[in-house]
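Novice: got a sequence here, can you build the structure:
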Amino acid sequence: MNEIRGAAIWNVYAHDRLLDLLPDWEPKRQALFDQQKNRKAGLAGEKRVLEVLRSIDLPQGSVVFWDVSLPLLPGEWIQFDILILSCIGLLILEVKQIAGRLRFVSNPAALQKIENNLVTLTMGCPAAQFEDQRAGLETWLRMRSFHAPVHGSVVFTTNPIIEDIPRGLPIISLRELRMYIRDYLHGNPAFTIVELKRLIHAFESSRTRFLPYPLCSNYNIDNSKVPLGPRCNCGQQLVKDTEKVWVCNRCNLRSKVSYRKVLLDWFLLRSKTITVSQCAALFGIHRQSAWRILNQLPLEKHGNGRQTFYEIDYEDFDGLALLLNG
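Specialist: Numbers count the residues shown, from 1 in each chain. Below you'll find the predicted structure:
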């Protein structure tokens, strides 16, 4: 299965790092924590759907876009959890990771969570959201002279108890997804392989990713509230002992430091760029050592001499992974 990912995994990782470093007394912390819970639930649901898709033999040339946004009008975008492009047509999967007892209501359309016969949460109607996505995608296709059927469904990944689903709503459970996809693939082809490749190219040229980095700037958080630098697994800031050895005053553990992971924190949380002086100050090392570290990383170098700075490409997921795992 040819799978093209968005930034969902990195957004979860970056927000985890922000919450790890943000002090408990920061007023924005609770709201960020609640948002992260929803973000993680959504990511978990999407991964479960992708596991099902990977077990299905999709037609030749098919592409699965995960976490993709497309421009519709200036300043207006349509976002999809999972979008499948195949010779059969286009299939939208709007993923919901909501457990418990649920109820659909109308006027206005909404989804309610029920506990002990009481409404404990009211959410936007996912079926209405799906129909907006389908209409937006059909418009996007027409604007680019593509003509193809757009199908899809809302997929509940936690198998909740849903009271009286109104007839005609595009709602399925995760355990129904495999059969749903297989039935869909029995439809008549809408594209030749050549036409499908042209459509995929149009998607790749047009799509965008949600990249809210650096997070401190995005949330208007003072950088001084998010102390960066080498840390022990227990969370304690490490203290430099020698050029290569750092000490945790809490655990009394002596260890080497992963410079790359600390620099990844810098880029995701504080700044898209870094200078040799900033790197040297971050680790308490000589400029020559900082210069050597930065030149070994997948960064774009700008300027000369003391005006030199290094810039990360937030869309280079392989480069981000190299920092995380290197």
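
Novice: mind listing what the helix or strand bottoming out on mean pLDDT in the chain pairs with, with the direction of each?
Specialist: Least confident helix or strand, the chain: strand 254-255 with a mean of 80, by mean pLDDT, DSSP states H and E. Applying DSSP bridges to the sheet, strand 254-255 is found paired with strand 246-247 (antiparallel).

Novice: next SSE after the least confident helix or strand of the chain?
Specialist: Downstream of strand 254-255, the first helix or strand assigned by DSSP states H and E is helix 259-265.

Novice: and that following helix, average pLDDT?
Specialist: Average pLDDT, helix 259-265: 93.

Novice: show residues contacting it.
Specialist: Residues from elsewhere that reach helix 259-265 (CB atoms under 8 Å, 6 or more residues apart in numbering): 17, 21, 228-230, 274, 279, 282-283, 293, 297, 320, 322-324, 326. Placement of C-beta: from N, CA and C, glycine included.

Novice: for the lengthiest helix in the chain, the distance to its chain's centre please.
Specialist: Counting by DSSP state H, the longest helix found in the chain is helix 29-54. Here the centre of helix 29-54 is set off from its chain's centre by 9 Å, with CA atoms, centre = their mean, to the nearest Å.

Novice: for the helix or strand following that helix, buried residues please.
Specialist: Using DSSP H and E, the helix or strand that follows helix 29-54 in sequence is strand 63-73. Within strand 63-73, the residues scored as buried using 16 or more other CB atoms under 10 Å are 63, 64, 65, 66, 67, 68, 69, 70.

Novice: how about CSV for the residues you listed, with distance to residue 157 added?
Specialist: As requested, the buried residues of strand 63-73 are exported to CSV (distance: CB to CB, whole Å):
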residue, distance to residue 157
63, 22
64, 16
65, 18
66, 14
67, 15
68, 19
69, 21
70, 24
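
Novice: on that earlier part again, give me the angle between the longest helix of the chain and strand 63-73.
Specialist: If you take axes from the mean of the first three to the mean of the last three CA atoms, to 10 degrees, helix 29-54 sits at 130 degrees to strand 63-73.
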